[in-house]
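**Student:** next come a sequence and a model predicted from it.
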Amino acid sequence: LVVSEASLMCDASHSSLQAACCHAYERLHSDVKPGITSGATLTIVAWNEDRGELTVANVGDSAAMLVTGGSSTMLTEKHRLADCAEERKRVEAINGVKLAQAMNSDGLPGGPIRAWPGGLAVCRTIGDADCIACVSAVPALRSLTFNPSMGGAAIIICSDGVWDALEWKKVASHVR
């Protein structure tokens with residue numbers, strides 16, 4: 001989908017790939033059927049070898065990391081309400097949406113901050129049609145240039161289940 005969107009622009013520059021990612025994310029999100037109560041995180045990393053450009057787009061709490069010979073860099077933005085002040089501010093500004101923790105069986109607040117109604121901890125997503133008022137499929141975008149032939153490189157893309165369990169610096173050290 002991203003490749004076909006970028007092909008329409010007749011250009012493989014990072015700006016064209018970013019625009020193609022935005023169109024693809026919105027298209028996927030609009031294809032979600034009304035009443036669907038689940039959503040998905042989505043991270044795309046595109047490498048343009050001719051230009052030496054890496055383009056990254058993400059929604060949700062999956063993440064991508066670039067590991068080179070001597071360093072590692074997270075390429076994505078966190079979108080969890082508990083971790084991202086900008087995302088919290090965006091959601092708080094929506095009329096009718098309240099941010100709060102869920103209540104446990106004892107009636108006490110617990111767990112991460114969530115957007116209500118719906119109870120989403122991550123509001124940048126593909127899907128979650130039942131919470132459409134606070135959901136955005138607009139991805140965070142990043143582009144950078146680098147030369148992987150200078151010692152090699154690896155890109156690691158994982159869901160939150162991996163990143164919550166493992167420190168990213170430890171993951172990078174295993175890849176090196």
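**Tutor:** Nice, I can see it. Numbers count the residues shown, from 1 in each chain.
**Student:** in stretch 114-128, which residues are buried?
**Tutor:** 114-115, 118, 120-128 (16 or more other CB atoms under 10 Å). Every residue, glycine included, has its C-beta placed from N, CA and C.
**Student:** ok, of these, which one's closest to A12?
**Tutor:** I126 (23.9 Å; CB to CB).
**Student:** let me see the ranges of the strands in this protein.
**Tutor:** Taking DSSP state E to define them, one finds strands in the chain at 39-40, 42-48, 53-59, 63-68, 72-74, 98-103, 109-116, 126-127, 140-145, 153-158.
**Student:** who touches the longest one?
**Tutor:** Applying CB atoms under 8 Å, 6 or more residues apart in numbering, the external contacts of strand 109-116 come out as 80-82, 88, 91, 97-104, 120-121, 123, 131, 134.
**Student:** chain center to that strand: distance?
**Tutor:** Chain-centre distance of strand 109-116: 20 Å, with CA atoms, centre = their mean, to the nearest Å.
**Student:** repeat that for the fourth one.
**Tutor:** On the basis of CA atoms, centre = their mean, the separation between the geometric centre of strand 63-68 and that of its chain is 14 Å.
**Student:** run through who's touching that strand.
**Tutor:** 43, 45, 54, 56, 58, 72-76, 78, 146, 148, 150-158, 160, 163, 168, 171-172, 175-176.
**Student:** pull the distance from the helix ranked longest in the chain to the chain's centre.
**Tutor:** As assigned by DSSP state H, the longest helix anywhere in the chain is helix 14-30. In this view, helix 14-30 has its centroid 13 Å away from the chain centroid, taken as CA atoms, centre = their mean.
**Student:** tell me the mean pLDDT for that helix?
**Tutor:** Taken as a whole, helix 14-30 has an average pLDDT of 88.
**Student:** so who does the residue located most distally from the centre of the chain touch?
**Tutor:** Distance from the C-alpha centroid of the chain, by CA atoms, centre = their mean, peaks at D106 (33.5 Å). The contact partners of D106, by CB under 8 Å, 6+ apart, come to none.
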